[in-house]
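# whatever this is, show me its structure:
(2 chains)
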Amino acid sequence: MPEIIVKPSNLKELWEMLPGLPASRRYLAGGTDIVTANNAGAESSVCWIDISGLPELAVIKETAGSLFIGSGVKISEIERSKAAARWCPALTAAIPHFASPSLRNMATLGGNAANSSPCADGVCALVAEGACALLALRGKKRRLPLKDLFLGPKRTALKKDEVILGFEIPKRPRAGAYLKLGPRAYFGISKAAVAVTAEISGGVVKRVCVALGSVAPVPLHAARTSAWLVNKKLSAETIAGASDLVKAEVSPITDARSGADYRREMCGVLLERALKSLAE
Amino acid sequence: MDAKDLKVVNKPAIKMDALGLACGEPAFTDDMDFTGLLYAKLLWSPHAHARIKKIDVSAALKVPGVKAVLTYKDLPRVPHTTAGQGYPEPSPYDTYTLDNKVRYVGDRVAAVAAETAEAAKEAVSRIKVDYEVLPAVLDTFEAMKDGAPVIHDEEDSKNIPDAKHNIAAKFDFEVRNGEWFKEADHVFEHSWTMPYLQHCAIEPHISIAYFDNTGRLVLRTSTQVPFHVRRIVAQALKIPVKNIRVIKPRIGGGFGSKQEVLEDIVAALALKTRRPVKLEYTRKETFISSRTRHPATCRMKAGVKKDGTITDAEMEITLNTGAYGSHALTVMMCSGSHTIPMYRVKNNIRFIGRSVYTNMPVAGAYRGYGATQGFFAWECLMDMMAAKIGMDPVEFRKMNYIKLGEGSPVFKAMGEGREGVEQVITSCGLFEAIKKGADEIKWAEKKAKYASQSGPIRRGVGVACMMQGSGIPEVDMASATMKMNEDGSFNLLVGAADLGTGSDTILAQIAAEVLGIKTDDIIVTSSDTDITPFDVGAYASSTTFISGGAVKKTAEKVRDMIIEVAAKILDQKKEDLRLEGGKVVAKDGSSCSLPEVANTSLYYYNQHQITASASHFAHTSPPPFQANFAEVEVDTETGKVKILDYVSCVDCGTAINPVLAEGQNDGAVLNGISHTLSEEMEFSSNGTPLNASFRRYKIFSAADTPPLRTFIIPTWEPAGPFGAKSVSEIGINGPLPAVANAIYNATGVWLFDAPFTPDRVLAAIKKQAPSPAAGSVKLLH
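Got it, this is the predicted structure:
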């Protein structure tokens, strides 16, 4: 456990507090990753900054062109949100796969993203939604496509003390899917996962975004496969072609959860099934 | 007698400890506070095989709060076994409380007791050990080769049949009636494997050692075998049995892991410090350093005639017992003795069994006890034979299973660690069980429906039949004591160990049935070696059958004493009296209440305490039977197997408490399903466990539980109390073969290696059909 845990009540207070805190510090959102890491002896910060009470991060709001989901919104709140159900089809499909109900009551998308695990279900789905991350550091804000936030396992483009405010998802009518292969039916980390959103008109793909979990060092945006699908008719041949292409785009490893070859093959199978479900 | 005459037995009495446990009343080992309690922590070996050249504990002793650090230098060197079995234990004496050699990653090196858990942990980290790392062997077949590292090279271990080849136990047996496979039209030979599995009892191993006011050592411990704990701790630490008291409080599950006596080290720390000491394993320690199921390779070869006659059967089982041979001989023998007699074999039977030491975690007793490993092979082989001769697997089993009045040469030849007893089947509901199961799963209808399928998702149904035992004949013994109180209630003192199984409740039901009273008029105490009479403990599916027999005899003695007193009160002949509804009733309708009888005996007439004790052992071990049916869905593109329906029909004789019996079976089946689809301990190439936590070792949770249905098929076992047999273990043996057979029915692919993870299932499918594009998997039947 850290020596100090502080809990600012708003962003302004957070920025004021920072200079007085020990250099070895980390943000705590839902705590579902950081506390587990601590229990496993893999977390050694001197100070935790509990940002779960920041009101600026706790909102879901719609603007004309996008939906904003605050980074501190609990997954279970997103599960209940009508706006999220309407505008985030892949994320909506992913949430039932997200850990367990009790963890969904604690966990947040902000924590999920900042932890930068390649197997995070929520983040993988958000990448497929084409989300942008809104970041802030002492009042300086910036906007980053979510797929560019991740540099490697547990490594992000976040600067020291930078906070993820939330995620902007473009409001465009589209279909989406999330398919995951886990160790058992419930509450397990995926062997492989595929998230897709697509705008299909007259059977032709207008826009598409494919993202994959657990098959690369980061939640992977399959840029080549996505680009290849655009303006193609979503036929059996196209689906088979995309499925072959995606297998070449991923770089899975063999670990305790699965073998690399198996994972690679499953990316093809899951993408095929996801695209088929969108074509129907 | 018939089950319909029963008033208390065969009824769903409420489990007597349920409310208290549900309300969180203090009940378990750790629920009691002790003044001046010390915390124990152990230093575990980081090497699979090494000799301790030098061990320096001086820095550890300097940690504030540390009261004792023990190494092998501080303790008597006594070869013993941790297997909590009847004396003399049939397991080799190859274990030392602490030794100068470590034999697996996770073996004991040293022990610390300190004022706080943190200080104990700190001290453990400061023990300096200089190891001479030895070559390790992790594979059973490598371990048996000439020149393999010898794991037990010490001079003083006992009863190891071939230490040079790392053989901890061996047993061969043959029935020869002519030439092998001469009559067979088809002969099959395959090998099936099971990995390392852990029991995953929710309560970890925990023991508190303290002293009573006369200085005797008291062990409050989470155990299945209190009397064996007393004996083996006395042996290992060279102290008299009379100086030890073992108390078993409520237990949070055991499944065999707590049939192991690991209490010696906490007792040694208490004796050293003369303070109360607590040792509680973490989950990681439970996975690595308690006990596991014996991983197995089971090769079976069998012959069958076109008409369905099984001509010959050979089973060769090789068990990995890990670094020590706990239960090495008996689990190996049960893998044959509980399984081979299941079906009639016309000519030749052979069993070849080896338990082999490796530098891996220690195996031990685990629900199913070898039968799980053996039935996986035998029941899959049964389906292979049925498929080849074109017979329905259900009909093939009906034709060949052991019937009422039949015996098997195996019963006599193979006991638990020694010769067995001759026996014939005296109760068998398997025919009804198969029929009920086939009806419930809609066997015929689904077989027909699934014969022609297309697309990547395939469905199938599978069957597997089982038997187990009810206690170990002429080895297991239990006893009970009852005494009557003035309000007509009774104390029932039993050595039997309720580990959450509900045995206290069913033993009270048996006594209440005899005495014509309600279950809640019986106060059960179990178990305390100072207070309760001897019982071998809760294992080998023995409690209902053996301990239940002891309780029934005891209650009958008490009943006779009550009638003796009542005859005087009522001025009636004893033979005209019976116990009913809490009263002693005469033929003419006159009666007296049980409190009146008790008060008369205590205060008025021929003053005496109505009390009795009795013991019970058995000459046979009547097997329960079970028919299992599984319906599965196999995704032939991902290899994912989903169980759609699981029906388990069990003949346990009379279910003393049908709700508890169903619960036992549901639990055993789910445990087996989890083995089938998910569980497997994984190791690095140097024997370090990789997934020793619930994060990585996935057991099926409530949310993963497929629809599973238990049906109790009543029979009447003449040798059992009120017709009862056992029910606790049998259910775990079913899922592996039933699901394997259902996967074959769905895809035409056999699986030989558990668990059936998606990766493994897909690899098996691809091996058979090199490019399984959607819809192209060929059904082979």
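
# tell me which element B:Thr311 is part of?
Element membership for B:Thr311, per DSSP states H and E: strand B:310-322.

# listing partners with orientation, what would you give for that strand?
strand B:296-304 (antiparallel), strand B:348-357 (parallel) (DSSP bridges).

# any idea which of these is most buried?
strand B:348-357 (a mean of 26; mean count of other Cβ atoms under 10 Å in any protein chain shown). (Glycine included, C-beta is placed from N, CA and C.)

# now the next helix-or-strand element following that one: buried residues?
Downstream of strand B:348-357, the first helix or strand assigned by DSSP H and E is helix B:371-389. Across helix B:371-389, burial judged by 16 or more other Cβ atoms under 10 Å in any protein chain shown covers B:371-387.

# can you pull out the helices in chain A?
Secondary structure of chain A by DSSP state H: the helices cover A:11-17, A:34-39, A:75-80, A:82-87, A:89-94, A:101-104, A:109-114, A:121-128, A:223-229, A:236-249, A:260-279.

# between these, which gets the lowest average pLDDT?
With a mean of 89, helix A:34-39 has the lowest mean pLDDT of the helices of chain A.

# mind listing residues that contact that one?
Residues outside helix A:34-39 that contact it (Cβ atoms under 8 Å, 6 or more residues apart in numbering or on different chains): A:1, A:26, A:28, A:43, A:48, A:111, A:115, B:695.

# my guess is the second one contacts A:Ile51. True?
Going back to what we said before, that points to A:Arg26. No - contact criterion Cβ atoms under 8 Å: A:Arg26 and A:Ile51 do not qualify, at 10.3 Å.

# so what's A:Gly166 up against?
A:Gly166 neighbours (Cβ under 8 Å, 6+ apart): A:57, A:59, A:68-71, A:73, A:110, A:133-134.

# restrict these to contacts with chain B.
Taking Cβ under 8 Å from any Cβ of the partner chain as the test, chain B is in contact with none of the contacts of A:Gly166.

# list the buried residues of stretch B:83-102.
By 16+ other Cβ under 10 Å, the buried positions in stretch B:83-102 come out as B:83-86, B:89-99, B:101-102.

# got the CA coordinates for that stretch in CSV?
Extracted in CSV, the C-alpha atoms of stretch B:83-102 (Å, rounded to 0.1, in the frame of the first residue of the first chain):
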residue,chain,number,x,y,z
ALA,B,83,-1.3,-39.4,4.3
GLY,B,84,-4.0,-39.5,7.1
GLN,B,85,-4.8,-43.1,6.6
GLY,B,86,-5.5,-46.0,9.0
TYR,B,87,-2.5,-47.4,10.8
PRO,B,88,-0.2,-48.7,9.5
GLU,B,89,-0.5,-46.4,6.5
PRO,B,90,0.0,-48.0,3.2
SER,B,91,1.9,-45.0,1.9
PRO,B,92,5.8,-44.9,2.0
TYR,B,93,7.4,-43.2,5.0
ASP,B,94,9.4,-40.7,2.9
THR,B,95,8.6,-37.3,4.5
TYR,B,96,10.3,-35.4,7.3
THR,B,97,8.9,-32.4,9.1
LEU,B,98,11.9,-30.5,7.9
ASP,B,99,14.8,-32.0,5.9
ASN,B,100,18.2,-31.1,4.6
LYS,B,101,17.0,-31.8,1.1
VAL,B,102,14.2,-30.1,-0.9
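
# ok, and the closest non-adjacent residue to B:Ile52?
Using Cβ to Cβ, 6 or more residues apart in numbering or on different chains and skipping residues adjacent in sequence, the residue nearest B:Ile52 is B:Asn100, 4.9 Å away.

# how far away is that neighbour from B:Val150?
Here the criterion is Cβ to Cβ, to the nearest Å. By it, B:Asn100 lies 15 Å from B:Val150.

# cool, B:Thr95 as well?
From B:Thr95 over to B:Val150 (counting by Cβ to Cβ), the distance is 16 Å.

# picking that back up, tell me which of the helices of chain A lies nearest to B:Met561.
Smallest distance to B:Met561 across those (Cβ to Cβ): 55.6 Å, for helix A:101-104.

# and the closest one with chain B, contact?
No - counting by Cβ under 8 Å from any Cβ, chain B is not contacted by helix A:101-104; separation bottoms out at 9.2 Å.

# could you list every helix and strand that that helix packs against?
When contacts are defined as 3 or more Cβ pairs under 8 Å, 6 or more residues apart in numbering or on different chains; DSSP states H and E, helix A:101-104 sits against helix A:75-80.

# tell me which parts of chain B are close to chain A?
Near chain A, when you scan chain B using Cβ under 8 Å from any Cβ, you find B:637-640, B:642, B:677-678, B:682, B:690-691, B:695-696, B:698, B:700-701, B:703-704, B:757-759, B:762-763.

# and the residue of chain B closest to chain A?
Using Cβ to the nearest Cβ, the closest approach of chain B to chain A is made by B:Ala703 at 3.9 Å.

# test my guess that that residue contacts A:Gly188.
No - B:Ala703 is beyond contact range of A:Gly188, at 10.7 Å (criterion: Cβ under 8 Å).

# any idea how far B:Asp588 is from the residue lying farthest from the centre of chain B?
Relative to the centre of chain B, the most outlying C-alpha is that of B:Asp571, 51.1 Å out, by Cα atoms, centre = their mean. With distances taken as Cβ to Cβ, B:Asp571 is found 11 Å from B:Asp588.

# swap in B:Arg108?
In this structure, B:Arg108 and B:Asp588 are 69 Å apart, going by Cβ to Cβ.

# the two: who's more crowded?
Per other Cβ atoms under 10 Å in any protein chain shown, whichever of B:Arg108 and B:Asp588 has more neighbours is B:Arg108, with 22 against 9.

# ok, the more buried one - contacts?
Neighbouring residues of B:Arg108 by Cβ under 8 Å, 6+ apart: B:42-45, B:97-99, B:102, B:265, B:289.

# which one of these is nearest B:Phe625?
B:Ser289 (36.7 Å).

# shouldn't B:Asn628 be within a helix?
No - per DSSP: H, G, I helix; E, B strand; the rest coil, B:Asn628 lies outside any helix segment and is strand.

# phi, psi of the closest residue to B:Ile349 other than its chain neighbours?
With sequence-adjacent residues excluded and distances taken as Cβ to Cβ, 6+ apart, B:Ile349 is closest to B:Val175, at 4.3 Å. When quoted as degrees, to the nearest 10, the phi and psi of B:Val175 stand at phi -110, psi 120.

# what's the burial count for B:Val175?
17.

# OK, contacts around it?
B:348-350, B:409-410, B:413.

# so where's chain B uncertain?
Scanning chain B with the threshold set as pLDDT under 70 gives B:1, B:770-781.

# center of chain A, which residue is that?
Centre-most residue of chain A, counting by Cα atoms, centre = their mean: A:Val123, 0.5 Å.

# thinking that residue is in contact with A:Pro219, fair?
Yes - with contact defined as Cβ under 8 Å, A:Val123 counts as touching A:Pro219 (4.8 Å).

# what sits in contact with each of those two?
Joint contacts of A:Val123 and A:Pro219 (Cβ under 8 Å, 6+ apart) are A:150, A:213.

# if you skip the residues just before and after it, what's nearest to B:Met484?
In space, B:Met484 is closest to B:Ile610, 4.0 Å off (Cβ to Cβ, 6+ apart).

# again with B:Gly405
B:Gly405 sits nearest to B:Val424 (Cβ to Cβ, 6+ apart), 5.6 Å away.
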